[in-house]
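Undergrad: okay, here's the prediction I keep looking at, along with the sequence it came from:
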Amino acid sequence: MRRSFARGRAVAAALLALVLVPVTGAGSAAGADASRPSFTAAGLADLPAVKPVLDCADVTGLDLDGVTGAPVTIRSATVVTTGAAAPYCEVRGTVAPANTIVLRLPVDGWTQRYVQTGCGGLCGSATINYGQASTCPVVRDGTVASATTDMGHQGQNDGSWALDNPQAQIDFAYRGVHVTAQVAKAVIKKFYGQRPAYSYFTGCSDGGREALMEAQRHPDDFDGIAAGAPANNMVVQNTFHHAWNVLTNKDADGKYILLADKLPLVHRAVLDACDALDGLTDGLLDDPRRCDFDPRTLVCEAGQDPSTCLTGAQAGVVQRLHDGATDAQGRKLEVPVSHEWGSEPEWTLFVPSAQGQTVASENFVTSFARYLAHTNAPDPGFQLSDLEFTAESFWKTVQSSSYLAALDPDLGAFRRGGGKLLLWHGWNDQHISPQSTLAYYDAMRTTMGARAVDRFAELYLFPGVAHCGGGEGPNTFDVLTPVMAWAESATKPAAIVASKVTDDTVTRTRPVYPYPQVARYDGTGSVDDAANFVPRTPPARPDAGDYDWLGERLYSSDYQTWCKVVDGRLECRPKRTWLTERA
C-alpha cells in the first residue's frame, strides 16, 4: 500500500520507538520519580534547551590557546537562517597547519548534544553531512551543535595533496577528526557556558573509518558512534580490492571482457536462484552468503541468442568479481567475498558500458597508490598494471596500514568509558565489501568476548542497500537516534526501520535487526509493511566467520603506529611491529 512520504516517516519513527529495548535501571518519562531523568518516546534524554551566552560574532575573538597542540584560528562567525531548520551560528576556522573546521551552533536553543560528521573518499572538503542520520529528530529540528573537518587538506581528489606533505597525511589518517572534536567542544563551552552533555560521531565510507579510528585511538572523544560501511581496511581497499575489480575483467589485449549490458542478466539469474531462500520473493537477499549462485549456468549453449547468456570468459569474470583478489596460487589478498550476490546492478562502478572507458575503481587506486599507499615513497607515475598480485607486494603495500587503517578490534577503553557503537553496512555495497565489516565485528567478539561486545556494540546489515545508501532495498533510515538512545537512556536498539522512497512516497518499510538476526515475514498483511515482520536468528553457515586471507592478522591490536613529521618525512613509532617485520 502506497502512502505519503510524511506519513511513512511517522510510521517508521513510531516503529523505531516500539523496538527500542530499555536496559534494566533506565529512567522513564512515564511515571518517573521527579528526581530521576526523563526521556522522550525515542529514548532520548529530555534535555532542556540552552541559550548562548555570547553573540555569534564574538566567537571570532575567543582565546583557544592550549585546546590542542597547535594554534587555532577562527576566521568567521555568522548567523545563518536560509535553508536552516533553526538559525545557527556558522563558525569557520583552522587548526594548524591546515585543518579547516566548520561548526553550526544553534542560536535559539541548543539541546546540549554535539554531533560531528565524517567525510568520504579522500576528504578535502569541510561540509557537514549527516547522511543516514539526517532524520534523527534533534538533527532535523536543528537543536544540535555540529561540526566537521576537511582532515587537513583542500580538494585534490587525485591524492596529490599528500605529495611532500606528510603532516596532511597524519591529519587525514587520524589527527584531523580528533583536533576538530577538541576545538568544537571548547567553542561550545564558551558559546553556551557549558560543555555538551553528550557527544556523537556519524560517518560512512571513509567517515566510517574515521569513526572507528576515533573509537580506537581517541576513545574519550564521543559517547556514541555510528560507523557506516567503514573503509577501515583502507590500504587493501584502495589497492588490491579496486585494482582487481578492473584487471580481472581485462583480456590479454587490455580489453574489457564483461560490459555493463550483461549485469541485468546476471542479476535476474541471481534472484531466480536465491530470492526465495528467505521465504519471500521480493527482489532482496536478506543474507547473500546463503546464495550459492554459479555464473557458469549462464554460459551460452549452441545456437543460443548471445544477448541472453554469457561467454565462458564473462562467467569467469563474474565469479572472480564476487570472490575477490587472489595471487597466482589462489591465496586471497582481501577479505572474501569482494562483492555479494544480488549487488550486480551496482557493479557499474567498475564494469564499464563500453570499451575505452576508465572506471571509478581505477581512479581510486591511482589516486591512492601514487601518493598515500607507500610511506615516504610517492610514485606519481604509478599505473594500475604496476601493482603485483603477490604476497611480497601485499606486505610491502600494506605497511601504511599502521597509521591509515582502523582495524584494532580491542575497543576496551571506549567500552569502559560508556561508549556505544553502531556498525552498519549495506549488503549490496559496491565500494567496500560488507564482509570486511563482518570480519571486524567478529574480531571484536573474539578479542573482547561476545558478552562484552554485546553490551556496547551492534552490527546492522541492510538488504539491497548499496554504498552508504541507494540500491534496490529500503535505503533510508536513521542510525543516530538508536545510538543516542543507547547512550542517554540505556535503551538498547533492537531494530532499525528502513524505508524505500520513490517519488517522495514511501513504498516499502522493513525492519533490520542486529546481526545475526534477520527479518522474517509473519504471514499477515502487506510484505511492504515493517509491522508485519519479526526477528529470527537463522542457523549459522558452517563457513560463517571464516575469513581466511593473507592479511587476516591486520584485524589485531598490535600493528598500529603514531607518526610525526621529522625533516619533511613521516617518522612512525614504534619502529618495529609484526607488520614491519613482514615488509
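TA: Sure thing, it's come through. None of the values given here were measured: they were computed from a predicted structure.
Undergrad: tell me the contacts of residue 53?
TA: Neighbour list for residue 53: 191-193 [criterion: C-beta atoms under 8 Å, 6 or more residues apart in numbering]. Placement of C-beta: from N, CA and C, glycine included.
Undergrad: the same query, at a cut-off of 10 Å, please.
TA: Counting by C-beta atoms under 10 Å, 6 or more residues apart in numbering, residue 53 makes contact with 190-194.
Undergrad: quick one: it is in a strand?
TA: No. Judged by DSSP: H, G, I helix; E, B strand; the rest coil, residue 53 forms no part of a strand; its state is coil.
Undergrad: which pLDDT does the model give it?
TA: pLDDT, the model's per-residue confidence, is 98 for residue 53.
Undergrad: now residue 359: how far from residue 249?
TA: Distance, residue 359 to residue 249, using C-beta to C-beta, to the nearest Å: 9 Å.
Undergrad: where do the contact lists of those two overlap?
TA: Counting by C-beta under 10 Å, 6+ apart, the common neighbours of residue 359 and residue 249 are 256, 347, 350-352.
Undergrad: show me where the stretch 1-150 of the chain has helices.
TA: Secondary structure of the stretch 1-150 of the chain by DSSP state H, counting those that start in this stretch: the helices cover 5-18, 137-140.
Undergrad: could you tell me the least trusted of those?
TA: Ranked by mean pLDDT, these bottom out at helix 5-18, with a mean of 40.
Undergrad: which one of the contacts of residue 53 has the most neighbours?
TA: residue 191 (26 neighbours; other C-beta atoms under 10 Å).
Undergrad: now the phi/psi pair for that residue, please.
TA: Dihedral angles phi and psi of residue 191 (degrees, to the nearest 10) take the values phi -70, psi -40.
Undergrad: confirm for me that it is in contact with residue 145.
TA: Yes. With contact defined as C-beta atoms under 10 Å, residue 191 and residue 145 form a contacting pair (8.3 Å).
Undergrad: secondary structure class for residue 415?
TA: Using three-state DSSP, the structure places residue 415 in helix.
Undergrad: quick one, strands of the stretch 401-550 of the chain?
TA: Ranges of strands in the stretch 401-550 of the chain, per DSSP state E, counting those that start in this stretch, are 420-426, 457-462, 491-493, 496-502, 505-512, 518-521, 533-536.
Undergrad: tell me the angle of the fifth one relative to strand 496-502?
TA: Think strand 505-512. Comparing the axes of strand 505-512 and strand 496-502 via axes from the mean of the first three to the mean of the last three C-alpha atoms, to 10 degrees yields an angle of 160 degrees.
Undergrad: thinking again about what came up before, from the contacts of residue 53, which land in strands?
TA: Among those, no member falls in strands (DSSP state E).
Undergrad: adding distance to residue 479 and pLDDT, write these out as CSV.
TA: As requested, the contacts of residue 53 are exported to CSV (distance: C-beta to C-beta, whole Å; pLDDT from 0 to 100):
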residue, distance to residue 479, pLDDT
190, 30, 98
191, 27, 98
192, 26, 98
193, 31, 98
194, 27, 98
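Undergrad: neighbours around residue 562, how many?
TA: Neighbour count for residue 562, taken as other C-beta under 10 Å: 15.
Undergrad: re the thing from before, looking at the contacts of residue 53, spot the one nearest residue 480.
TA: Relative to residue 480, the closest of these is residue 192; by C-beta to C-beta it sits at 20.8 Å.
Undergrad: measure that closest one to residue 356 for me?
TA: Between residue 192 and residue 356 the computed distance is 57 Å (C-beta to C-beta).
Undergrad: where in this protein is pLDDT low?
TA: Residue ranges of the chain with pLDDT under 70: 1-36, 542-544.
Undergrad: quick revisit: neighbour count: residue 359 and residue 249, which is higher?
TA: Neighbour count, other C-beta under 10 Å: between residue 359 and residue 249, residue 249 has more, with 25 against 20.
Undergrad: among the strands of the stretch 401-550 of the chain, which is the most enclosed?
TA: With neighbours defined by mean count of other C-beta atoms under 10 Å, none of the strands of the stretch 401-550 of the chain is more surrounded on average than strand 420-426, at a mean of 26.
Undergrad: quick check: phi and psi on the residue nearest the centre of the chain?
TA: Residue closest to the average C-alpha location in the chain (C-alpha atoms, centre = their mean): residue 228, at 2.5 Å. The phi and psi values for residue 228, taken as degrees, to the nearest 10, are phi -100, psi 140.
Undergrad: which residues touch it?
TA: Going by C-beta under 10 Å, 6+ apart, residue 228 touches 118, 120, 131-133, 202-205, 207-208, 211, 422-426, 429, 432, 437, 460, 462, 465, 467-469, 479.
Undergrad: for residue 410, same thing?
TA: Contact analysis of residue 410 by C-beta under 10 Å, 6+ apart lists 216, 443-444, 447-448, 556-558.
Undergrad: go on, residue 561?
TA: With C-beta under 10 Å, 6+ apart as the criterion, the residues that contact residue 561 are 173, 375, 399-403, 570-577, 579-580.
Undergrad: change it to 6 Å
TA: Applying C-beta atoms under 6 Å, 6 or more residues apart in numbering, one finds that residue 561 lies in contact with 402-403, 572-573.
Undergrad: can you select the buried ones among the residues you listed for me in PyMOL?
TA: Listed next is the PyMOL selection for buried residues among the contacts of residue 561, using 16 or more other C-beta atoms under 10 Å:
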select buried, resi 402+403+572
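Undergrad: is it possible to export the contacts of residue 561 to a markdown table including distance to residue 314?
TA: Listed next are the contacts of residue 561 as a markdown table, based on distance: C-beta to C-beta, whole Å:
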| residue | distance to residue 314 |
| --- | --- |
| 402 | 39 |
| 403 | 40 |
| 572 | 44 |
| 573 | 49 |
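Undergrad: contacts only, for the nearest residue to residue 375 once chain neighbours are set aside.
TA: Across the structure, with C-beta to C-beta, 6 or more residues apart in numbering as the measure, the residue nearest residue 375 apart from its sequence neighbours is residue 400 (5.1 Å). Residues near residue 400 by C-beta under 6 Å, 6+ apart: 235, 373, 375.
Undergrad: now residue 400, what's its secondary structure?
TA: helix.
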